[in-house]
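Engineer: quick one: sequence and predicted model below, then my questions.
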Amino acid sequence: MEKVRNRALLLTLALVLFLVAFFFMSIVQDKQHVLDEKIAAHRQLIDNSYRIAMLDTEKTLNQFAYKLMSDHAIAETFEAHDRNALYNLAIPYFNEAHEHGDVDLAGFIQSDGHHFLRLTDPQKFGDDIAKKRPMIARALAEQKPMTSMDVTLYNISFVSIVPIFHGGKFLGILQVSSTIKRFQERLNLHSGIKSALAFDAKKIHALLPNTSLKEYASYAIISSNDTLFENLPSNYTFQESLRHNLGSESFIIVAKELTTYANEPIAKILCSFDITKNEQTYQTDIFHLSVITIVLIAVGALILYTGFSHLLQRINKDIQIKEELNQQLSHQLYIDHLTGYINRHALLRDLNQESFYAIILLNINNFKEINDFYGHEIGDQVLISITNTIQNEIQKYPMRLYKMPSDEYAIAVLKPMSGHECESVSQSILNDIQTTDFIFAGIHIHMTLTMGINMLVHPYNSDDLSTMLINADMALKEAKKRHKNYLIYNENMHIKQEYHDNILWSKKVNDALNEDRFVLYYQPIYNSNGKIVEYEALLRMIELDNSVISPYYFLQAAKRSNLYANLTKFVISTAFSFIEATQASVSINFSVDDILDTPTREFLFYKLRNTLHSDQIIIELLESEGIDNYTEVISFIKQVKEYGVRIAIDDFGTGYSNFAHILRLNVDLLKIDASLIKNLDTDVNAQTIVKAIVHFSKQLGLKTVAEFVHTESVYQKCLELDVDYCQGYYLSEPKPMHLLNI
């Protein structure tokens with residue numbers, strides 16, 4: 001009997017020991033998994049911080065370079081080869097940027113490759129820098145902006161090069177640079193990431209044979225901001241990301257390759273992040289768990305059943321702690337702290353784990369202005385309110401809302417929806433936001449959204465799923481560019497634009513504004529008796545060679561560079577001066593954006609209040625752009641009509657050609673679009689449409705204007721169809737004011 005009892009005790013104890021060992025290993029593995037996830041998050045932090053610091057460094061260099069080149073006196077002085085004057089003009093800009101830690105070196109290089117002026121060493125000039133620096137030679141040859149890393153001896157710098165033109169002549173380049181040390185300081189300041197710079201050891205010894213540097217895997221550490229990099233293991237390689245221990249401290253070390261503009265490797269940079277606290281927490285947990293396990297085993301050996309019960313209780317408690325830790329980590333990683341909604345990390349995770357049928361990206365228009373003007377507290381309230389409004393709108397659909405970074409949101413469609421239904425929900429969200437009166441601390445704020453939609457034809461295609469977010473973002477950018485509320489992605493979209501052309505035309509517009517090289521041309525509009533009844537004001541840019549440039553080439557660039565409002569104000573001011581001088585009626589083109597832009601609108605009303613000839617103004621609304629804000633537009637029309645202003649619809653017949661809309665807008669003239677007029681003498685369908693427009697207009701007491709009357713036969717057909725007024729090159733081309741016979 002004693003043997004049976006002992007055997008039973010041994011078997012029971014063996015079972016207890018087995019169970020304790022099993023649970024012990026399970027908890028250790030779980031805690032190891034938690035630690036690994038934290039370390040993976042820290043590695044991601046290093047990668048993100050590295051990219052942000054890289055972009056921030058390049059951005060500050062480019063901002064300084066273009067700020068310097070926006071001073072026209074600098075280019076003129078450079079062309080005049082006046083070194084002292086150029087130094088005096090440029091050095092205040094450089095000193096300010098240098099004090100902010102944005103720029104370390106800056107210099108002007110002539111088109112022949114010789115240094116003209118170093119702002120940090122003005123006494124040193126004339127050396128042929130292009131022979132020493134391939135990047136300089138390439139920039140001079142291509143005459144285009146360049147931003148890249150470059151190396152001189154063993155110093156690495158971020159370099160931005162901007163070509164210098166004056167009067168269409170290429171003078172040379174401006175080179176600005178920031179040392180790699182600035183980049184390392186950014187990493188340390190913003191994210192606590194320490195770093196070190198490593199060069200090819202053979203090249204270092206060839207250049208500096210007597211230098212003694214720490215070497216690892218054929219690389220020499222030449223600079224660092226932490227002693228960690230002086231104590232790496234001798235067999236350390238740069239090909240992997242390591243978790244490295246130094247004494248009681250632990251670090252993640254990530255090696256990044258630095259390359260030139262030609263994608264040639266020039267050095268490596270080591271980035272480290274201290275994970276000592278994470279390691280210590282893990283080791284403390286394991287130590288505590290080990291102590292508890294030993295105590296439980298001892299108690300179990302003496303009092304088997306009580307000890308086993310106590311062990312189970314402790315294990316359950318540890319499991320609960322593990323779940324809480326996992327929940328906390330998941331909450332930090334996947335939840336937006338402001339709104340409480342799942343974030344971009346959650347969307348990327350779900351894209352890999354689930355099948356979505358569409359992604360809708362939403363962006364708050366002009367949120368930066370709201371944030372800057374009213375402050376971050378109001379900005380946060382705006383984000384929360386928009387989040388709740390969108391959620392309320394989609395909760396009845398198979399959709400899930402994600403809070404993306406900054407002022408963006410994403411909606412994932414979880415079940416099949418037709419394109420029409422998806423568009424309907426999107427429009428409903430847009431309308432709900434646009435019509436809601438948002439009030440924060442007594443402040444009324446009107447908000448609108450722009451959307452980019454990507455719908456999948458084959459929802460289970462993994463390649464399509466991987467690009468869903470990218471394609472939706474492309475559609476959002478295209479919608480912003482086209483001033484649309486939303487766009488659905490298709491393969492014919494081309495988001496990547498010719499940035500160089502945009503920068504060139506933006507500079508041309510800015511220069512022309514500063515140098516007063518915009519003028520108005522006036523094209524007469526004739527009645528059926530051949531008498532001029534009014535003029536249309538048309539904007540033109542005069543190039544430095546006196547060539548006349550149409551808005552077709554520069555208007556979009558003006559809109560992208562926020563110069564469009566200045567052009568509209570120029571048109572308004574010049575047109576009013578024309579009226580005062582001639583007492584002739586003038587029509588000016590006005591877009592919906594002009595109406596919705598408060599400074600532009602107020603400038604127009606200021607001019608109307610301060611003239612005796614306001615009834616000589618005709619405002620042409622551009623029909624081809626479409627009108628979404630009817631309330632604002634109708635209110636605008638009502639206000640300007642109080643001054644006797646007449647309203648015309650331009651390009652009628654191409655856009656929202658809905659007669660009900662015309663009735664709502666209370667217009668006076670319809671300008672029939674050129675596409676209907678240009679072949680009016682031969683196109684029977686065009687004749688039918690124009691005849692209907694004329695008939696409709698006469699019934700409502702509206703006047704009609706035929707645009708693009710370019711031949712005698714077209715002119716005669718317009719008269720035959722009883723069009724009230726005609727305008728076109730057959731009758732008269734646009735001319736500057738001094739060539740008009742008024």
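Structural biologist: Thanks, I have the structure now.

Engineer: let me know the secondary structure of residue 411.
Structural biologist: Look at residue 411: counting by DSSP: H, G, I helix; E, B strand; the rest coil, its state is strand.

Engineer: tell me the bridge partners for the residue nearest to it when sequence neighbours are not counted.
Structural biologist: Leaving out its chain neighbours, the residue that sits closest to residue 411 by Cβ to Cβ, 6 or more residues apart in numbering is residue 360, at 4.1 Å. All C-beta atoms are positioned from the backbone trio N, CA, C, and that covers glycine. Beta-bridge partners recorded for residue 360 (DSSP bridges): residue 411, residue 453.

Engineer: report pLDDT for the residue lying closest to residue 669 once chain neighbours are set aside.
Structural biologist: Spatial nearest neighbour of residue 669, chain neighbours left out: residue 648 (3.9 Å); criterion: Cβ to Cβ, 6+ apart. On the pLDDT scale, residue 648 is placed at 94.

Engineer: check contacts around residue 648.
Structural biologist: 587, 618-621, 667-671, 705 (Cβ atoms under 8 Å, 6 or more residues apart in numbering).

Engineer: lowest-confidence helix or strand of the chain?
Structural biologist: helix 462-466 (a mean of 56; mean pLDDT, DSSP states H and E).

Engineer: and the next helix or strand after that one, how far from the chain's centre?
Structural biologist: Sequence order places helix 468-482 as the next helix or strand after helix 462-466, per DSSP states H and E. Put simply, helix 468-482 sits 11 Å off its chain's centre (Cα atoms, centre = their mean, to the nearest Å).

Engineer: quick one: mean pLDDT for the helix or strand that helix 468-482 is followed by?
Structural biologist: Moving toward the C-terminus from helix 468-482, the next helix or strand (DSSP H and E) is strand 486-488. On average, the pLDDT along strand 486-488 is 88.

Engineer: do stretch 620-637 as well
Structural biologist: On average, stretch 620-637 scores 74.

Engineer: between the two ends of that stretch, how far is it?
Structural biologist: For stretch 620-637, the first-to-last residue distance is 11 Å (Cα to Cα, to the nearest Å).

Engineer: got it, and stretch 608-618?
Structural biologist: First residue to last in stretch 608-618 (Cα to Cα) measures 12 Å.

Engineer: which other residues reach it?
Structural biologist: By Cβ under 8 Å, 6+ apart, stretch 608-618 touches 534, 575-576, 579-580, 583-588, 640, 643-648, 668-669.

Engineer: can you give the distance of that stretch from its chain's centre?
Structural biologist: Remark: stretch 608-618 is offset 41 Å from the chain centroid, using Cα atoms, centre = their mean.

Engineer: now do stretch 426-445
Structural biologist: Relative to its chain's centre, stretch 426-445 lies at 23 Å (Cα atoms, centre = their mean).

Engineer: same question for stretch 67-75.
Structural biologist: Using Cα atoms, centre = their mean, the offset of stretch 67-75 from its chain centre is 26 Å.

Engineer: pLDDT on that stretch, on average?
Structural biologist: Per-residue scores along stretch 67-75 average to 89.

Engineer: so what touches it?
Structural biologist: With Cβ under 8 Å, 6+ apart as the test, stretch 67-75 has contacts from 86, 89-90, 93-94, 106, 162, 164-166, 171, 174, 176, 510-511, 514.

Engineer: okay, it in CSV with CA atoms only?
Structural biologist: Extracted in CSV, the C-alpha atoms of stretch 67-75 (Å, rounded to 0.1, in the frame of the first residue of the first chain):
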residue,chain,number,x,y,z
LYS,A,67,14.2,81.6,-51.1
LEU,A,68,17.7,82.9,-52.0
MET,A,69,16.9,82.7,-55.8
SER,A,70,13.5,84.5,-55.4
ASP,A,71,15.6,87.6,-54.7
HIS,A,72,16.0,88.9,-58.3
ALA,A,73,18.8,91.2,-57.3
ILE,A,74,21.0,88.2,-56.6
ALA,A,75,20.7,86.8,-60.1
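
Engineer: enumerate the positions of it that are buried.
Structural biologist: 68-69, 74-75 (16 or more other Cβ atoms under 10 Å).

Engineer: which one of those residues is nearest to residue 137?
Structural biologist: Using Cβ to Cβ, residue 69 comes nearest to residue 137 of the buried residues of stretch 67-75, at 20.7 Å.

Engineer: and the closest one, backbone torsions?
Structural biologist: Main-chain torsions, residue 69, degrees, to the nearest 10: phi -80, psi -10.

Engineer: and residue 332, how far from residue 281?
Structural biologist: For residue 332, the distance to residue 281 equals 15 Å [Cβ to Cβ, to the nearest Å].

Engineer: more crowded one of these two?
Structural biologist: residue 281 (16 against 12; other Cβ atoms under 10 Å).

Engineer: centroid-nearest residue for this structure?
Structural biologist: For the chain, the residue nearest the mean C-alpha position is residue 477 (8.1 Å; Cα atoms, centre = their mean).

Engineer: that one against residue 452, yeah?
Structural biologist: Yes - contact criterion Cβ atoms under 8 Å: residue 477 and residue 452 qualify, at 7.1 Å.

Engineer: tell me the domain boundaries of this structure?
Structural biologist: 2-53+283-334, 344-488, 499-739 (automatic domain parsing).

Engineer: ok so, going back, how much space separates the residue nearest to residue 411 from residue 733?
Structural biologist: Where residue 733 is concerned, residue 360 sits at a distance of 48 Å (Cβ to Cβ).

Engineer: neighbour count: those two, which is higher?
Structural biologist: residue 360 (28 against 10).

Engineer: ok, the more buried one - contacts?
Structural biologist: By Cβ under 8 Å, 6+ apart, the residues touching residue 360 are 410-411, 413, 422, 426, 451-454, 472.

Engineer: make TSV from the domains of the chain and add distance to residue 273 to it.
Structural biologist: Output for the domains of the chain, formatted as TSV (distance: least, Cβ to Cβ, whole Å):
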stretch	distance to residue 273
domain 2-53+283-334	5
domain 344-488	18
domain 499-739	34
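
Engineer: lowest average pLDDT across the ones you listed?
Structural biologist: Of all the domains of the chain, mean pLDDT reaches its minimum on domain 2-53+283-334 (a mean of 72).

Engineer: how distant is the one helix or strand residue 156 maps to from the center of its chain?
Structural biologist: Of the helices and strands defined by DSSP H and E, residue 156 is found in strand 155-166. In this view, strand 155-166 has its centroid 23 Å away from the chain centroid, taken as Cα atoms, centre = their mean.

Engineer: any idea how many residues pack against residue 490?
Structural biologist: Neighbour count of residue 490, defined by other Cβ under 10 Å: 12.

Engineer: enumerate the beta-bridge partners assigned to the residue nearest to residue 669.
Structural biologist: Bridge pairing for residue 648 - DSSP bridges - gives residue 620, residue 669.

Engineer: please report how far it lies from residue 259.
Structural biologist: 57 Å.

Engineer: quick revisit: and of the contacts of residue 360, the nearest to residue 601?
Structural biologist: Taking Cβ to Cβ as the measure, residue 601 lies nearest residue 451 of the contacts of residue 360, at 26.4 Å.

Engineer: and the nearest residue to residue 365 once chain neighbours are set aside, what is it in contact with?
Structural biologist: Of all residues not flanking residue 365 in the chain, residue 448 sits nearest, at 4.7 Å (Cβ to Cβ, 6+ apart). By Cβ under 8 Å, 6+ apart, the contact set of residue 448 is 364-366, 430, 433-434, 485.
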